[in-house]
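*Asks:* Model the following, please.
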Amino acid sequence: MRHLFAILLFASIAVFQASAQTRIVPGAEQIDSYIGYVKNANTAVVANQASLVGNHHLVDTLRALGADIRLIFCPEHGFRGDAEAGATVKDGTDPKTGIPIVSLYGNNKKPSQEVLRKYGIDLIVFDLQDVGCRFYTYISTLHYVMEAAAEYGCQLILLDRPNPNGHYVDGPVLEMKYQSFVGMHPVPVVYGMTIGEYAQMINGECWLSDSLQANLHVVTLQGYTHDSACCRNVVLPIPPSPNMQTPQAIALYPSLCLFEGTNISVGRGTERPFEVIGCPTYRNRQFSFVPHPIPGVSDNPPHKGKRCYGLDLHEADVPSAFDVEYLLEMYRNSDRATFFLKSNFFEKLAGTGRLRKQIESGTKAEEIRASWEPKLSQFKAMREQYLLYP
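*Replies:* A predicted model of the protein is given here:
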């Protein structure tokens, strides 16, 4: 058993290397910090394909160390990460271990008291790789898991992981009338916190129903800071979701995801999702791509089979900012009448109705940024008390 632990730890140190000088060791690798809790509890695990300890899945690692894993909860994209964004994730059984899997994406986003009681759960271990954006749904899953744990009275251990977008805070702060699963809390688009820090903020700001407090223990990272040099050089060993394949896509994601509420393709159904944007009506036709179905990644991508013209960003310099210029550029130079989807999904992603109105009225980027600065400054001040890393 000790030999297995040594192999896992050695593999983990090689994986999260932020630079030649700095090695980031995620919470899952700090096994001595939490194995005592897990060995003495009936445990449920919230995990997906990125929940690794070295080259081994967290569930397999804990079972090898004698843990009683009775239940797996999986988020958007599924336990093995093979469901595309927005696709219903079904309950099932993990074929490798035989452990029941309960989906937390679809109609049921919160662990039920009945399920926790059925399996006699004493402890929930949460291990998901976040990318630091409000509309990336793993922090919404975190909210509901924390709430369920608080209501049921079981402990929650969160194994922290590095946030590659953790070096800046930017974008409009969500107005609560636009609250949804892609935005549950009054935070900006980019909040500059690890998922462990974010969990502390959920507790500290009393965002759970009835102001409940989860019995939370965060297993912290080693070697991680919010410094831009550290975050920009984080290389995730496994893509956090099917369409987030590269560090460039992860860096561009905060600025490009709002296009999901428009007629603009973000490259789903191509080899470079979140590294290209375009649509059939864009006027500059120097660059183009054609989305096509990719099983398990993009089964029915926007503009399937149509030639889209737009921007190739896979080698672009990405500033440490929520860059509204992409939105302004595509709106100015494509069909404005069909730009925003009728579903009002853009407003949910933006967390405000003001941004759409500003884009439609031709407001300049610097004026748009100035409009969200007061609430952004308030959030930055509040955020400071929950940070675990310099």
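*Asks:* how about the helices of the stretch 201-350 of the chain, start to end?
*Replies:* 228-232, 247-256, 325-332, 345-350 (DSSP state H, counting those that start in this stretch).
*Asks:* What confidence value was assigned to E76?
*Replies:* E76 is assigned a predicted lDDT (pLDDT) of 77.
*Asks:* picking up where we left off before, by mean pLDDT, show me the worst of the helices of the stretch 201-350 of the chain.
*Replies:* helix 228-232 (a mean of 95).
*Asks:* Please work out the average pLDDT along stretch 295-311.
*Replies:* pLDDT averaged over stretch 295-311 gives 93.
*Asks:* Count the neighbours of S241 for me.
*Replies:* Residues near S241, counting by other C-beta atoms under 10 Å, number 27. For glycine as for every other residue, the C-beta is placed from the backbone atoms N, C-alpha and C.
*Asks:* And for the one 4 residues further on?
*Replies:* When counting by other C-beta under 10 Å, one arrives at 17 neighbours for Q245.
*Asks:* So which bits of stretch 61-69 are buried?
*Replies:* By 16 or more other C-beta atoms under 10 Å, the buried positions in stretch 61-69 come out as T61, L62, R63, L65, A67, I69.
*Asks:* Could you list which of those residues belong to strands?
*Replies:* I69 (DSSP state E).
*Asks:* who wins for proximity to G362 among the helices of the stretch 201-350 of the chain?
*Replies:* G362 sits nearest to helix 325-332 of all those, at 8.3 Å, using C-beta to C-beta.
*Asks:* which one of the buried residues of stretch 61-69 sits closest to N243?
*Replies:* Lowest distance from N243 to the buried residues of stretch 61-69 (C-beta to C-beta) belongs to T61, with 27.1 Å.
*Asks:* what's the nearest residue to the closest one if we skip its chain neighbours?
*Replies:* Excluding its sequence neighbours, the residue lying closest to T61 (C-beta to C-beta, 6 or more residues apart in numbering) is V53, at 4.2 Å.
*Asks:* Identify, among the helices and strands of the chain, the element with the weakest mean pLDDT.
*Replies:* Lowest mean confidence among the helices and strands of the chain (mean pLDDT, DSSP states H and E): helix 2-15, at a mean of 39.
*Asks:* rewinding a little: now for the residue nearest to T61, how many residues are close by?
*Replies:* V53 has 26 neighbours, counted by other C-beta under 10 Å.
*Asks:* Kindly report the same for P95.
*Replies:* 9.
*Asks:* Confirm it sits in a strand?
*Replies:* No - applying DSSP: H, G, I helix; E, B strand; the rest coil, one finds P95 to be coil, outside a strand.
*Asks:* phi, psi of it?
*Replies:* phi -60, psi -20 (degrees, to the nearest 10).
*Asks:* how near is it to Y326?
*Replies:* Distance of P95 to Y326, computed by C-beta to C-beta, to the nearest Å: 41 Å.
*Asks:* quick one: low-confidence parts of the protein?
*Replies:* By pLDDT under 70, the low-scoring segments of the chain are 1-21, 77-78, 80-89.
*Asks:* Have a look at it and report its longest helix.
*Replies:* Longest helix of the chain, by residue count under DSSP state H: helix 365-383.
*Asks:* Flag every buried residue along that one.
*Replies:* Buried positions in helix 365-383, judged by neighbour count with 16+ other C-beta under 10 Å: I368, R369, S371, W372, K375, L376, F379, R383.
*Asks:* What's opposite the residue nearest to T61 in the beta bridge?
*Replies:* When assigned by DSSP bridges, V53 has beta-bridge partners H56.
*Asks:* Touching, it and G27? I think so.
*Replies:* No - counting by C-beta atoms under 8 Å, V53 stays clear of G27, with 10.1 Å between them.
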